[in-house]
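>>> Quick one, what's the 3D model for this:
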Amino acid sequence: MSQFSDLRAVSRHGAGFLVARDVLSVAMIVADADGRSGADGAERVIDTVHALPGLEGLDRAAIRKAGLQASEGLARRGVEAVFSDAAERLDARTANAAILLACRVALIDGGISADGDAVLRPMARRLGIGPSRLEAIRVLAARREARAGGRP
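Next up is the predicted model:
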């Protein structure tokens, strides 16, 4: 019966899917502040997801669906409501993953804009990520982007 609990975890209402939606929401908020809003920002975030902690067991279709729900939620409910819900549900591991993804998306075009940074820092703080940890995540994101050669 464990296969059924695994399926429930990654189904549209399962814990794994909801974590993915929250992680993608955080990254989309930063992408929007960094100048990539709407469908373009959502696609950029979805395309950048690669083996992030907390997203294990989700295939590309499930991640895409979670990303589209995240984008729709932001449009419908607004940044503060979506972020507050995500901040309540994300644990330390998935909060780090969300900020890592946000940094990677912002770095695709070469650097995090001042507007993106102005959103990123307080979000990280609200997720319990201090300045030194945020800097370590930014360095990791830059290394991953350098290896990826600017492609998602």
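
>>> buried set for the one helix or strand residue 101 maps to?
Here residue 101 sits within helix 92-107, counting by DSSP states H and E. Neighbour counts over helix 92-107 (16 or more other Cβ atoms under 10 Å) mark 94-107 as buried. Glycine gets a C-beta too; all of them are placed from N, C-alpha and C.

>>> pLDDT weak spots in the protein?
Applying pLDDT under 70 to the chain picks out residues 1-13, 50-51, 53-54, 56, 149-152.

>>> which residues in it form helices?
Taking DSSP state H as the test, the helices found in the chain are 2-10, 15-33, 38-48, 60-77, 79-89, 92-107, 114-126, 131-148.

>>> Tell me which of these is the most buried.
Highest mean neighbour count among the helices of the chain (mean count of other Cβ atoms under 10 Å): helix 15-33, with a mean of 25.

>>> Using PDB, write down the CA coordinates of that helix.
Provided in PDB are the C-alpha atoms of helix 15-33 (Å, rounded to 0.1, in the frame of the first residue of the first chain):
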ATOM      1  CA  ALA A  15       2.100  17.400   0.200                       C
ATOM      2  CA  GLY A  16       4.800  17.100  -2.400                       C
ATOM      3  CA  PHE A  17       2.800  19.000  -5.000                       C
ATOM      4  CA  LEU A  18       1.900  21.700  -2.500                       C
ATOM      5  CA  VAL A  19       5.500  22.100  -1.500                       C
ATOM      6  CA  ALA A  20       6.400  22.400  -5.200                       C
ATOM      7  CA  ARG A  21       3.800  25.100  -5.700                       C
ATOM      8  CA  ASP A  22       5.100  27.000  -2.700                       C
ATOM      9  CA  VAL A  23       8.700  26.800  -3.800                       C
ATOM     10  CA  LEU A  24       7.800  27.900  -7.300                       C
ATOM     11  CA  SER A  25       5.700  30.800  -5.900                       C
ATOM     12  CA  VAL A  26       8.600  32.200  -4.000                       C
ATOM     13  CA  ALA A  27      10.800  32.100  -7.100                       C
ATOM     14  CA  MET A  28       8.100  33.700  -9.200                       C
ATOM     15  CA  ILE A  29       7.700  36.600  -6.800                       C
ATOM     16  CA  VAL A  30      11.500  37.300  -7.200                       C
ATOM     17  CA  ALA A  31      11.300  36.700 -11.000                       C
ATOM     18  CA  ASP A  32       8.500  39.300 -11.200                       C
ATOM     19  CA  ALA A  33      10.500  41.900  -9.200                       C
END
